[in-house]
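In: Can you look at this prediction? I've put the sequence above it.
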Amino acid sequence: MGVRSGGVSEDFRKQLLGYGLTTAQILYRMPDHPSLLQTYVWQNYDMFPKFPALKDFLAFWQDKLDGPLHSVTVAHSKLIKPAELRAVDGVFRLH
């Protein structure tokens, strides 16, 4: 999250280029106890729908780390949106 010489953070620049905040919940097996699952949460700005930064991170994980991946759950603003709210035109009471 460094600030460039122009005073704009790299994260802000990514948002202007269409990146969105991506969160991945990664379940992996403990190397010494493969029957146990551990959780790791990864968060970064990434491009929907191909997620190149997440794919790079998962490739690094598989190449360099010992805990084999079990599953990855991804959340991104284009996958999940807040509920739509509308103003109520009237109040109705039932007795």
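Out: That came through fine.

In: quick one, helices of the chain?
Out: Applying DSSP state H to the chain gives helices spanning 10-16, 52-64.

In: Same list, those, but as CSV with mean pLDDT and distance to Ala75 please.
Out: C-beta: built from backbone N, CA, C; applies to glycine. Converted to CSV, the helices of the chain look like this (pLDDT from 0 to 100; distance: least, C-beta to C-beta, whole Å):
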stretch, mean pLDDT, distance to Ala75
helix 10-16, 90, 17
helix 52-64, 97, 11
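
In: Now distance to His33 and mean neighbour count too, for those helices, in JSON lines please.
Out: What follows is the helices of the chain, written out as JSON lines (distance: least, C-beta to C-beta, whole Å; neighbours: other C-beta atoms under 10 Å):
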{"stretch": "helix 10-16", "distance to His33": "37", "mean neighbour count": "13"}
{"stretch": "helix 52-64", "distance to His33": "18", "mean neighbour count": "13"}
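
In: which stretch among those helices comes nearest Thr23?
Out: Across the helices of the chain, Thr23 has its closest neighbour in helix 52-64 (9.7 Å, C-beta to C-beta).

In: about what we covered before: among the helices of the chain, which comes closest to Gln38?
Out: Of all the helices of the chain, it is helix 52-64 that lies closest to Gln38, at 12.4 Å by C-beta to C-beta.

In: For Pro34, find the nearest of the helices of the chain.
Out: With C-beta to C-beta as the criterion, Pro34 lies closest to helix 52-64 of the helices of the chain, at 15.6 Å.

In: does the most centrally placed residue in the chain have beta-bridge partners, and which?
Out: A centroid search over the chain (C-alpha atoms, centre = their mean) returns Thr23, at 1.5 Å, as the residue closest to the centre. Under DSSP bridges, the beta-bridge partners of Thr23 are Gln43, Ala75.

In: Can you check what pLDDT the model gives it?
Out: On the pLDDT scale, Thr23 is placed at 95.

In: That one against Leu79, yeah?
Out: No. Using C-beta atoms under 8 Å, Thr23 makes no contact with Leu79, being 10.2 Å away.

In: quick one on the thing from earlier: okay, the helices of the chain in JSON lines with distance to Val41 next?
Out: Output for those, formatted as JSON lines (distance: least, C-beta to C-beta, whole Å):
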{"stretch": "helix 10-16", "distance to Val41": "17"}
{"stretch": "helix 52-64", "distance to Val41": "12"}
